[in-house]
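1. what's the 3D shape of this:
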Amino acid sequence: MADRTPSPRTPSPATPAPCASTRCRRAARTGRLARRPASPDARLCTACKRALGADLAALPGLHRESEQDLAPVSGGGLVPRVTGSRSCPPPVSDRALEVRHDVVVRLASWTRLVLDEADGARAPAPPRRTVAELAAFLGRHVGLLAAHPAAGAAADEIAGAAAALRALTTEPKAGLVPLGRCVEPGCDAEVSLPGRGGDDLVLRGPMCEAGHVLTPRQWLVLRERTTTMEESA
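-> Model prediction:
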């Protein structure tokens, strides 16, 4: 009689977990791309893990470039301070300060996670709290980040930090309205005001290209001079 003992079934391979990155979830929702499976021993797909490493590598350069957004622009560069003048330092962009600070905070937070997860005897030395060192440290441990349960959040936050810095450097600058020549003795630079007015006008005030910020009295002198020149033209 034939043996009717059922043969053991071969277990079916487990379905890989989907990538934890918002990039993949968003692409799947829009129908542009199927949500990719996570790589073996990771919570991110190969493409998102690669993108995480690329964002970390780009952050130091983006952070350096964003220094140009801390102050108003004049002639393509930062408004210079004039030694010995009565000018005030140019106003600093709150948005740029906030974004730059947020990048440091986020990188420091994920660095702390890596340090906490590392084996005590072989724990790496903590980096200094600079964007360059924090980003380089996380880049060396991107595999640990990609495999951590919080890998999706790490990829999303670091991508967001890079995007925020890129947005700073691509934001259109406020147009400047020329008002005439500076009234400071010995200065012939052009005085201008932000064309948008509002908070920009209040924060910046009338300023010449050499960095002199006009007082209300000097502004009146400039207006009277400009009016006289227009009437005599």
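2. drop to CA atoms for contacts and neighbour counts, all remaining ones
-> OK.
3. Show me the contact partners of the host helix or strand of Ala57.
-> Here Ala57 sits within helix 46-65, counting by DSSP states H and E. Helix 46-65 is contacted from outside by 21, 23-24, 38-39, 100, 131-132, 135-136, 138-139, 142, 146, 155, 158-159, 162, 165-166, 169, using CA atoms under 8 Å, 6 or more residues apart in numbering.
4. what do you get if the cut-off is 7 Å, keeping everything else the same?
-> Under the contact criterion CA atoms under 7 Å, 6 or more residues apart in numbering, helix 46-65 has outside partners 21, 39, 100, 131-132, 135, 139, 142, 146, 155, 158-159, 162, 165-166.
5. same deal with stretch 151-166?
-> With CA under 7 Å, 6+ apart as the contact definition, stretch 151-166 has outside contacts at 20-22, 43-44, 52, 55, 59, 62-63, 66, 99, 103, 145.
6. Name the member of these with the shortest distance to Val221.
-> Distance to Val221, by CA to CA, is smallest for Ser66 among the contacts of stretch 151-166, at 36.3 Å.
7. List the contacts of that closest one.
-> 165, 168-169.
8. per-residue pLDDT, it?
-> Ser66 carries a pLDDT value of 85.
9. again, but for Ala123
-> pLDDT, Ala123: 73.
10. sorry, back to before: put the alpha carbons of the helix holding Ala57 into CSV.
-> Output of helix 46-65 as CSV, limited to C-alpha atoms (Å, rounded to 0.1, in the frame of the first residue of the first chain):
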residue,chain,number,x,y,z
THR,A,46,17.9,50.7,-1.8
ALA,A,47,17.0,53.9,-3.5
CYS,A,48,15.9,55.7,-0.3
LYS,A,49,18.9,54.5,1.6
ARG,A,50,21.1,55.9,-1.2
ALA,A,51,19.1,59.2,-1.1
LEU,A,52,19.6,59.4,2.7
GLY,A,53,23.4,59.1,2.2
ALA,A,54,23.3,61.7,-0.6
ASP,A,55,21.3,64.2,1.6
LEU,A,56,23.8,63.8,4.4
ALA,A,57,26.7,64.4,2.0
ALA,A,58,25.0,67.5,0.6
LEU,A,59,24.1,69.1,4.0
PRO,A,60,27.5,70.7,4.8
GLY,A,61,27.7,72.5,1.5
LEU,A,62,24.1,73.6,1.6
HIS,A,63,24.6,74.9,5.1
ARG,A,64,27.7,76.9,4.0
GLU,A,65,25.7,78.4,1.1
